[in-house]
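Peer 1: What shape does this take:
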Amino acid sequence: MFKKYKASIYTLGCRVNLYESEAIADGLSENGFEICDFSEKCDVYIINTCTVTAESDRKSRQIIRRAIKTNPDARILVCGCYSQMFPTDVSNIENVDYISGTTDKMLIVTKAIDLVTGEKSRYPHINVGDPFNSEFESMEATLQDRTRAFLKIEDGCNNKCSYCIIPKARGRVRSKPIEEVIAEVEKIVSNGYREIVLVGIETAAYGSGMGYSLIDLLERLEDLDGLDRIRLGSIEPAYLKDNVIERLSKLKKPMPHYHLSLQSGKDKILNSMRRRYNTRMIERCVSYMREMIPNVTFGSDFIVGFPGETDEDFKDTIEFIDSLDILNSHIFSYSIRPGTEAADMKEQIMPDVKERRHKIMQDMANMSEKRCIERFIENKTALSVLFEKELDGYLYGHTDNFIYVKVRSDKALCGSIAKVVLSKYNETDRITEGDLI
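Peer 2: Numbering: from 1, shown residues only. Purely as a prediction, here's the structure:
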C-alpha cells in the first residue's frame with residue numbers, strides 16, 4: 001500500500017476480545033495502517049463485538065452505526081461473538097462490508113487491505129466459521145497500549161451453563177501450545193512488560209487434551225527471566241483443588257488475587273445454573289487459599305434474579321457471599337438469552353425485583369471491598385505496587401493483590417514496582433491511598 005490508511009478498532013466484552021483486537025492492531029500496523037482513535041475519521045473501522053447479554057448485542061449494533069455515521073465511506077468490518085451468533089442481524093445494517101465471527105480473526109487484516117484498495121460493495125461479505133471445528137488460532141500481541149500485557153492461552157468452553165450463550169459462540173475448548181505461550185511471553189518481556197494476564201474463555205481448561213494444565217504452565221513461567229508478575233483470568237472454584245492450591249503457593253510470580261467465577265451463593269441456584277461446584281466447595285477453596293497464600297484476595301462475578309430465585313434464596317446468597325470478604329465484585333442482573341436453557345425456565349424474575357436485588361448486592365459488595373482493604377490498612381501490610389500512570393503529583397497502580405492505590409511522589413516510577421503501605425480508603429472514589437517505603 002502506498003497511501004497511509006487510517007484504521008480504528010472498537011472492542012466490546014472480555015479480555016479475550018481485547019487481546020484479539022491488539023493482535024489485529026499489530027497486524028494492521030505491520031501492513032502500513034495508522035491506528036487511530038475510534039472517534040477519528042478513518043478509512044477502516046473494526047468492531048469486535050460481544051453477545052454475553054442482550055445489552056451487549058444492543059451496544060454492538062450502536063457502535064457499528066456510530067462508525068458508519070463518522071465516515072459513511074469507510075470500510076466497516078465486524079467480528080466477535082455477536083456477529084458469530086447473529087450475522088444476519090449485522091448484515092442488515094447498511095454499509096457494513098465484512099462480517100466474521102470468533103474464528104479466523106487475523107484474516108481481518110488481509111480483508112481490510114483488500115477493502116481499502118477496492119470499491120465499496122453494496123452487500124457485505126459474510127465469513128462466519130464453525131468454532132466447534134476450528135483449531136486454536138495462532139496470533140500474537142506483544143506491543144499493547146497498557147502497563148500489563150494480555151495473552152490469550154485458551155479459547156472455547158465445554159461447560160453447559162444454563163444461562164450462557166458464549167459456548168455456542170466460541171465453540172469447544174482448545175489451547176495455545178505451551179511452547180508457543182512461553183515464546184510469546186519472552187517477546188512481551190523483551191518489550192518491557194513486567195506483568196502479564198493469561199486469559200481465556202475458560203482459562204482453567206487450558207491444556208485440556210494436550211497432556212498439561214494451567215498449573216503446569218505457571219510452573220514453567222516461574223523460571224522465565226524478566227517476568228515479575230502473572231495474573232489469571234476468571235477461574236472456576238472446581239479447578240482450584242487442594243493439590244493445585246498447594247502448587248500455586250510455592251510460586252512467586254502468580255499474584256495473590258484470584259477472580260473466582262461464582263455467580264451465586266445458593267446451591268439450589270448453582271444447580272439450576274448447571275455450575276460444577278457448590279457453596280461448600282467455594283468455602284473450602286477460599287479458606288484453603290487464605291491459609292496457603294499470604295495476603296490473597298478474591299474477585300468474582302454474580303448474577304441476581306436468576307429464574308426461580310426467591311427472596312429467601314437471595315437472602316441466603318447475600319449472607320454467604322458477605323462471609324467471603326471479596327475485594328471486587330462484578331454484579332449482573334440475569335438477562336434472557338434466546339437459545340439457552342434458562343430462557344425457557346418458568347418463574348422468570350420481574351425487572352423491578354432484579355433491579356432491587358442488584359442494588360442490595362452492590363451495596364454489600366462495596367462494604368465487603370471496604371472491609372477487605374481496611375484489614376490491610378490496620379495490619380500495615382507492605383504490598384508491592386506496579387505503577388501504571390502519573391497524574392497531578394500522584395502515582396496510580398495496583399498492589400500485588402489487586403487493590404487500586406495512589407501515592408504522592410515526585411519520582412518517575414511509572415512501569416516500576418515498589419513497596420507501599422496502605423493508609424486510607426476513599427469510599428467515594430473507591431481508591432486507597434498509601435505511602436512509599
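
Peer 1: Please count neighbours and contacts with C-alpha atoms only from this point.
Peer 2: Fine.

Peer 1: just checking, Ser368 touches Asp322?
Peer 2: Yes. The pair Ser368 and Asp322 passes the contact test of CA atoms under 8 Å, sitting 6.6 Å apart.

Peer 1: Comparing those two, which residue is more hemmed in?
Peer 2: Each of Ser368 and Asp322 has its neighbours counted (other CA atoms under 10 Å); Ser368 has more, 21 against 16.

Peer 1: What are the neighbouring residues in contact with the more buried one?
Peer 2: With CA atoms under 8 Å, 6 or more residues apart in numbering as the criterion, the residues that contact Ser368 are Asp322, Asp325, Ile326, Leu327.

Peer 1: can we see that at 10 Å?
Peer 2: Under the criterion of CA atoms under 10 Å, 6 or more residues apart in numbering, the contact partners of Ser368 comprise Ile321, Asp322, Ser323, Leu324, Asp325, Ile326, Leu327, Asn328, Ser329, Gln362, Glu374.

Peer 1: same check, this time on Leu115
Peer 2: Neighbouring residues of Leu115 by CA under 10 Å, 6+ apart: Asp43, Val44, Ala74, Arg75, Ile76, Leu77, Asp97, Tyr98, Ser121.

Peer 1: which residues of the stretch 101-250 of the chain fall in helices?
Peer 2: When assigned using DSSP state H, counting those that start in this stretch, the helices of the stretch 101-250 of the chain occupy the ranges 107-116, 166-170, 178-190, 214-221, 242-249.

Peer 1: from the chain's centre, how far out does the shortest one sit?
Peer 2: Read that as helix 166-170. What separates the centre of helix 166-170 from the centre of its chain is 15 Å, taken as CA atoms, centre = their mean, to the nearest Å.

Peer 1: same deal with the third one?
Peer 2: Centroid displacement of helix 178-190 relative to its chain, using CA atoms, centre = their mean, is 20 Å.

Peer 1: now the angle from that helix to helix 214-221?
Peer 2: Taking axes from the mean of the first three to the mean of the last three CA atoms, to 10 degrees, one finds helix 178-190 and helix 214-221 inclined to each other by 50 degrees.

Peer 1: Same question for the first one.
Peer 2: If you take the same axes, to 10 degrees, helix 107-116 sits at 80 degrees to helix 214-221.

Peer 1: I'd like the mean pLDDT over helix 107-116, please.
Peer 2: This predicted structure assigns helix 107-116 an average pLDDT of 96.

Peer 1: Could you list the low-confidence segments of the stretch 1-150 of the chain?
Peer 2: Along the stretch 1-150 of the chain, the parts satisfying pLDDT under 70 run over 1-2, 145.

Peer 1: Can you give me the neighbour number for the spatially closest residue to Asp313 that is not a sequence neighbour?
Peer 2: Taking CA to CA, 6 or more residues apart in numbering, and ignoring the residues beside it in sequence, Asp313 has Lys266 as its nearest neighbour in space, at 6.4 Å. If you count neighbours by other CA under 10 Å, Lys266 ends up with 21.
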